[in-house]
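Student: Output the structure for:
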Amino acid sequence: MDLMWAVQAIQFLKDFLSAVFPFYFFGCIIYIFSSWVPGLRESSFMQAVGMLYEPLMAPFRKIIPPIGGMIDITPIIFLFVVRFFFMGLMMILTWFQNLMI
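Tutor: As a prediction, the model looks like this:
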């Protein structure tokens, strides 16, 4: 029973990440679609949003070249990687939580 605080801490972390992740994920989708609207990325709000996503997408852009020189699939790959990372993290946290019970 000494590890009950750890189980509760892991549960809190899982709940927190489950609440925050959809906002991050859909924010990224909105950021991606904002590139389709001329001038929207230049707004101060979208520049602030870009500061949240662009540093994480930069390594992917170095690896994945645009298709045909124009179509950038980096954000799609980024969304898949972020989603798989989140799912893996939740599985690891659940495993640790079950291990402590």
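
Student: helices or strands up against the strand or helix carrying residue 81?
Tutor: Element membership of residue 81 [criterion: DSSP states H and E] is helix 74-100. Secondary-structure packing of helix 74-100 (3 or more CB pairs under 8 Å, 6 or more residues apart in numbering; DSSP states H and E): helix 4-34, helix 44-63. Using the backbone N, CA and C atoms, a C-beta is placed for each residue, glycine as well.

Student: any idea how far residue 71 lies from residue 95?
Tutor: Using CB to CB, to the nearest Å, one obtains 39 Å as the distance from residue 71 to residue 95.

Student: For the two, indicate the residue with more neighbours.
Tutor: Neighbour count, other CB atoms under 10 Å: between residue 71 and residue 95, residue 95 has more, with 11 against 7.

Student: That one: what's it in contact with?
Tutor: By CB atoms under 8 Å, 6 or more residues apart in numbering, the contact set of residue 95 is empty.

Student: How confident was the prediction at it?
Tutor: On the pLDDT scale, residue 95 is placed at 95.

Student: Okay, now the unreliable bits of the chain?
Tutor: Low-confidence segments of the chain, defined by pLDDT under 70: 1.

Student: For the residue nearest in space to the middle of it, which non-adjacent residue is closest in space?
Tutor: Central residue of the chain (CA atoms, centre = their mean): residue 82, 4.4 Å from the mean position. Nearest residue to residue 82 in three dimensions, chain neighbours excluded: residue 25, at 6.8 Å (CB to CB, 6 or more residues apart in numbering).

Student: Give me the distance between the one you found and residue 9.
Tutor: 24 Å.

Student: from what I can see residue 72 touches residue 60, true?
Tutor: No. Using CB atoms under 8 Å as the test, residue 72 is too far from residue 60 to be in contact (9.7 Å).

Student: just to revisit the earlier point, residues contacting the residue nearest to the centre of the chain?
Tutor: Residue 82 sits next to 24-25, 28, 56 when contact means CB under 8 Å, 6+ apart.
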